[in-house]
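Novice: Okay, here's the prediction I keep looking at, along with the sequence it came from:
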Amino acid sequence: MPNRGFKDAIYEQFARLGKAVSAPKRLELLDLLCQGPKTVEVLADHAAISVANTSQHLQVLRAARLVEAEKQGLHVEYRLAGEDVCEFFLALRTLAEGRLAEIEVVTREYLARRSAMETVAGGELLRRVKSGEVTVLDVRPSEEYRAGHIPGAVSIPLGELKARFKELPKNREVVAYCRGPYCVFAVEAVELLRKKGFTAHRLREGVLDWRSRGWRVDAETAGVRPRASRKER
């Protein structure tokens with residue numbers, strides 16, 4: 001193969017990944033799958049698109065070998081092809097945040113209309129958790145909590161929060177988190193908690209960000225082992 005042909009062939013393969021993640025909904029599906037395996041129906045519901053469109057997007061991601069599928073009874077469950085796919089998504093998100101000022105503008109405009117502008121940095125949360133100063137609240141769906149969560153976090157999915165306020169001590173600060181900086185579950189949770197008289201803040205980081213820093217993540221799903229921190233390796 002001539003030198004030019006070799007280089008063209010290599011970059012063509014690189015471009016397969018770029019094409020696979022060129023649709024906003026496919027990026028959202030990857031973000032959702034970073035939280036744990038899900039069926040097509042669950043992904044469609046969370047991404048607010050039809051099952052047919054979700055399936056089409058997943059086929060594109062599967063062709064690029066970013067996701068894998070497995071038949072589970074009457075449903076097809078999708079999962080990421082490897083942990084490096086999550087790392088790829090996080091790197092892409094970080095690059096976009098650093099290069100595209102529009103992301104911060106859109107985020108600030110959204111949060112300015114809500115009551116959750118105050119966030120707690122991951123390092124500060126870690127300190128408060130270790131000292132027992134706060135209640136850490138995971139408001140994602142319970143299956144995502146089981147797949148991986150911040151150690152010590154209490155699982156109360158957002159849809160159950162109103163009925164379970166009594167499970168949270170009123171005399172402790174509550175720090176709520178969900179899937180990451182652009183997940184709105186924690187925003188809504190903080191609003192509900194503050195209306196009930198809790199001192200509540202939103203953690204910007206999610207489990208993906210927590211893991212990327214080398215911090216411990218606990219898991220309860222059978223066959224899933226928590227990833228050790230860099231210090232623990």
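Specialist: Received the coordinates, thanks. Numbering: from 1, shown residues only.
Novice: right, and the helix or strand after the lowest-mean-pLDDT helix or strand in the chain?
Specialist: Comparing every helix and strand of the chain by mean pLDDT, DSSP states H and E singles out strand 119-120 as the least confident one, with a mean of 66. Taking DSSP states H and E as the definition, the helix or strand that follows strand 119-120 towards the C-terminus is helix 122-130.
Novice: other SSEs contacting that following helix?
Specialist: Judged by 3 or more CB pairs under 8 Å, 6 or more residues apart in numbering; DSSP states H and E, the packing partners of helix 122-130 are strand 134-138, strand 173-177. Placement of C-beta: from N, CA and C, glycine included.
Novice: Can you convert the ones you listed into TSV and add a column each for mean neighbour count, mean pLDDT and distance to residue 194?
Specialist: As requested, the helices and strands packed on helix 122-130 are exported to TSV (neighbours: other CB atoms under 10 Å; pLDDT from 0 to 100; distance: least, CB to CB, whole Å):
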stretch	mean neighbour count	mean pLDDT	distance to residue 194
strand 134-138	23	94	13
strand 173-177	24	93	9
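Novice: Looking at the ones you listed, spot the one closest to residue 108.
Specialist: Nearest to residue 108 among the helices and strands packed on helix 122-130 is strand 173-177; the distance by CB to CB comes to 19.4 Å.
Novice: Not counting its own residues, what contacts the closest one?
Specialist: Outside strand 173-177, the residues that touch it by CB atoms under 8 Å, 6 or more residues apart in numbering are 120, 125, 128, 133-139, 150, 153, 168, 185-186, 189-190, 193, 198-203, 205-207.
Novice: Buried ones only from these, please, as a PyMOL command.
Specialist: This is how PyMOL selects the buried members of those, with burial counted by 16 or more other CB atoms under 10 Å:
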select buried, resi 120+125+128+134+135+136+137+138+139+150+153+168+185+186+189+190+193+198+200+201+202+203+205+206+207
